[in-house]
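Enquirer: Next input, structure requested:
(one chain, ligands or ions: 1)
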Amino acid sequence: MANHLVPFLIENRGVRGFAVEITEGIPELLGWREYSPDMLRLLGHALAATPLLAADIGEGARFNLQFQGADGQALKMLVAQVNQQMQLRGMAKCDVGTEGDFQKLMGGGTLACMLEPKSGGADRYQAMVEILGDNLSEALEIYFAQSEQLRTRICLGASPTKFAGLMVQRLPEGCSDDDWVHVYHLFQTLAEPELLAVDAETLLRRLFNEDTVRVFPARPIALQCQCSHAQISAMLLGLGEEELQPVLTELGRVDVTCEFCGKNYGYREVEVRELFAAAKVASDATASQTLQ
Ligand SMILES: [Zn+2]
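Expert: Predicted coordinates:
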């Protein structure tokens, strides 16, 4: 299993954690856009962080880490998104050649964690992550401390061929202050190059070699887009026929490019008309059922 999330428990310390390793599918998903090395690193950090943050989400839910740039900011937007089946995708929109460290790229914009429940489920939840610290790991640690009241350490790594992350979290019970300080200091010795060089289980053995670490079965992560014809059709229906009319008049067709993977979905005018006609038949049928 090339891409995976590994849950673990440091049993004698009352600390839980997750490790993420992603090596498969990186050029396929991200290669169609041109990212500078700094941008690819930031997006890689976001893609490694998202499964860590979403490890506990409910059935059918989807978790987004999303950034919106301020007016005129070089980094316009960045999204990393994962669902409960651990299908992961992400993208960033920025000016060509955008480079810089975390604060330069994201500072001044807004970053949020957003949970979308399955349709019909509880309300969606959104929380702002303050863009503090030197990197995304630090910003997320501060977020956990402030909003979730959970002491958390996160280390993220990204190279052109691997994205990786490690998170440890103090459990509400069974972790004394001494236990947490012990784990905190060991974690402190971990840096991005080691995180990227070593596989998750070796890393855990090395870092916490005096402790009892229980590793649970890994969950596969699929780094791939989930776009589909049905989804794009639903989006066109949402826009409405009137909204599409100018494009149809000009080009005789509508082309939609998936922002995540670059795949093109083309509709000839006759297909657009059919789409709306079929939707109208379906909604008329529902309306007449309601009337009866
Ligand atoms: Zn796509």
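
Enquirer: in the helix-or-strand element of the chain with minimal mean pLDDT, what's buried?
Expert: Within the chain, no helix or strand scores below helix 269-291, which has a mean of 86 by mean pLDDT, DSSP states H and E. Going by neighbour count (16 or more other Cβ atoms under 10 Å), the buried part of helix 269-291 is 272, 275. Bear in mind the C-beta positions are built from the backbone N, C-alpha and C, glycine included.

Enquirer: Can I get that helix in CSV, CA atoms only?
Expert: What follows is helix 269-291, C-alpha atoms only, in CSV (Å, rounded to 0.1, in the frame of the first residue of the first chain):
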residue,chain,number,x,y,z
GLU,A,269,-25.3,22.5,-27.3
VAL,A,270,-27.7,19.6,-28.0
GLU,A,271,-26.3,17.8,-24.9
VAL,A,272,-26.8,20.9,-22.7
ARG,A,273,-30.5,21.1,-23.9
GLU,A,274,-31.0,17.4,-23.2
LEU,A,275,-29.6,17.8,-19.8
PHE,A,276,-32.0,20.6,-18.8
ALA,A,277,-34.9,18.9,-20.5
ALA,A,278,-34.3,15.7,-18.6
ALA,A,279,-34.0,17.6,-15.3
LYS,A,280,-37.3,19.4,-16.1
VAL,A,281,-39.1,16.1,-16.7
ALA,A,282,-37.7,14.7,-13.4
SER,A,283,-38.8,17.8,-11.5
ASP,A,284,-42.3,17.9,-13.2
ALA,A,285,-42.7,14.2,-12.2
THR,A,286,-41.8,15.1,-8.6
ALA,A,287,-44.2,18.0,-8.6
SER,A,288,-47.2,16.0,-9.9
GLN,A,289,-46.5,13.3,-7.3
THR,A,290,-46.6,16.0,-4.6
LEU,A,291,-49.9,17.3,-5.9
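
Enquirer: counting contacts, what elements does it pack onto?
Expert: Using 3 or more Cβ pairs under 8 Å, 6 or more residues apart in numbering; DSSP states H and E, the elements in contact with helix 269-291 are helix 229-239, helix 241-251, strand 253-257.

Enquirer: That helix vs strand 253-257, what angle?
Expert: 80 degrees (axes from the mean of the first three to the mean of the last three Cα atoms, to 10 degrees).

Enquirer: part of a helix, is residue 18?
Expert: No: counting by DSSP: H, G, I helix; E, B strand; the rest coil, residue 18 falls outside a helix, being strand.

Enquirer: list the contacts for it?
Expert: 5, 6, 7, 8, 51, 52, 55, 165, 166, 167 (Cβ atoms under 8 Å, 6 or more residues apart in numbering).

Enquirer: What parts of the protein come near the ion?
Expert: 225, 227, 258, 260, 261, 263 (Cβ under 5 Å from the ion).

Enquirer: residues contacting the closest residue to residue 19 other than its chain neighbours?
Expert: Among residues not flanking residue 19 along the chain, residue 200 sits closest, at 3.7 Å (Cβ to Cβ, 6 or more residues apart in numbering). Residues near residue 200 by Cβ under 8 Å, 6+ apart: 4, 6, 19, 20, 21, 164, 166, 218.

Enquirer: I'd like to know which of the residues you listed are part of strands.
Expert: Per DSSP state E, strands hold the following members of the contacts of residue 200: 4, 6, 19, 20, 21, 164, 166.

Enquirer: got the residues you listed as a markdown table, with distance to residue 97 and neighbour count columns?
Expert: Listed next are the ones in strands among the contacts of residue 200 as a markdown table, based on distance: Cβ to Cβ, whole Å; neighbours: other Cβ atoms under 10 Å:
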| residue | distance to residue 97 | neighbour count |
| --- | --- | --- |
| 4 | 34 | 20 |
| 6 | 36 | 21 |
| 19 | 33 | 26 |
| 20 | 29 | 29 |
| 21 | 30 | 28 |
| 164 | 26 | 26 |
| 166 | 31 | 27 |
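
Enquirer: Thank you, goodbye.
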